[in-house]
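Student: return atomic coordinates for the entry below.
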Amino acid sequence: MLGESEVRLTAWVHGHVQGVGFRWWTRSRALELGLTGFAANKADGRVHVVAQGPREACEKLLDLLEHGATPGRVDSVVADWSVASDALSGFTER
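Tutor: Numbering: from 1, shown residues only. Okay, here's the model as predicted:
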């Protein structure tokens, strides 16, 4: 069962973020923060990130996506917040 403060962050990362280890980097940061979810390449060059867990940890991941020393180049991040679901386990690269 999920805690009351559990949220789901859905983020679309724009920039030069494919073919540079960005999904692996995102997975590593998410696991360090105790989050579940995935990072997936999209056909238009974006990376789609879904992370679920405590709000503070999701906010930290979003800050890292926007301002961290990521591989490649992040131009912008569009984020959406929703209620957590129990459908995710682990954090995978897709």
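Student: for the rest of this, base every contact and every neighbour count on C-alpha atoms.
Tutor: Will do.
Student: quick one, strands of this structure?
Tutor: Applying DSSP state E to the chain gives strands spanning 6-16, 36-41, 47-54, 73-83, 91-93.
Student: neighbours of the nearest residue to Val49 once chain neighbours are set aside, how many?
Tutor: In this structure, Val49 finds its nearest non-sequential neighbour in Ala39, 4.4 Å apart by C-alpha to C-alpha, 6 or more residues apart in numbering. For Ala39, the count of nearby residues is 25 (other C-alpha atoms under 10 Å).
Student: about what we covered before: for the strands of the chain, which one sits closest to Ser28?
Tutor: strand 91-93 (8.7 Å; C-alpha to C-alpha).
Student: I figured Arg8 was touching Ser85, is that so?
Tutor: Yes. At 7.4 Å, Arg8 counts as touching Ser85 under the criterion of C-alpha atoms under 8 Å.
Student: what comes up buried for the lowest-mean-pLDDT helix or strand in the chain?
Tutor: Lowest by mean pLDDT, DSSP states H and E among the helices and strands of the chain is strand 91-93, with a mean of 92. Within strand 91-93, the residues that count as buried by 16 or more other C-alpha atoms under 10 Å are Phe91, Thr92.
Student: so which elements touch it?
Tutor: helix 22-32, strand 36-41 (3 or more C-alpha pairs under 8 Å, 6 or more residues apart in numbering; DSSP states H and E).
Student: quick check: Arg73 touching Gln18?
Tutor: No. Between Arg73 and Gln18 there is no contact under C-alpha under 8 Å: 9.5 Å.
Student: so between the two, which is more surrounded?
Tutor: Gln18 (18 against 15).
Student: specify the beta-bridge partners of the residue nearest the centre of the chain.
Tutor: The C-alpha lying nearest the average C-alpha coordinate of the chain belongs to Val49 (C-alpha atoms, centre = their mean; 3.8 Å). Applying DSSP bridges to Val49 gives these bridge partners: Ala11, Ala39.
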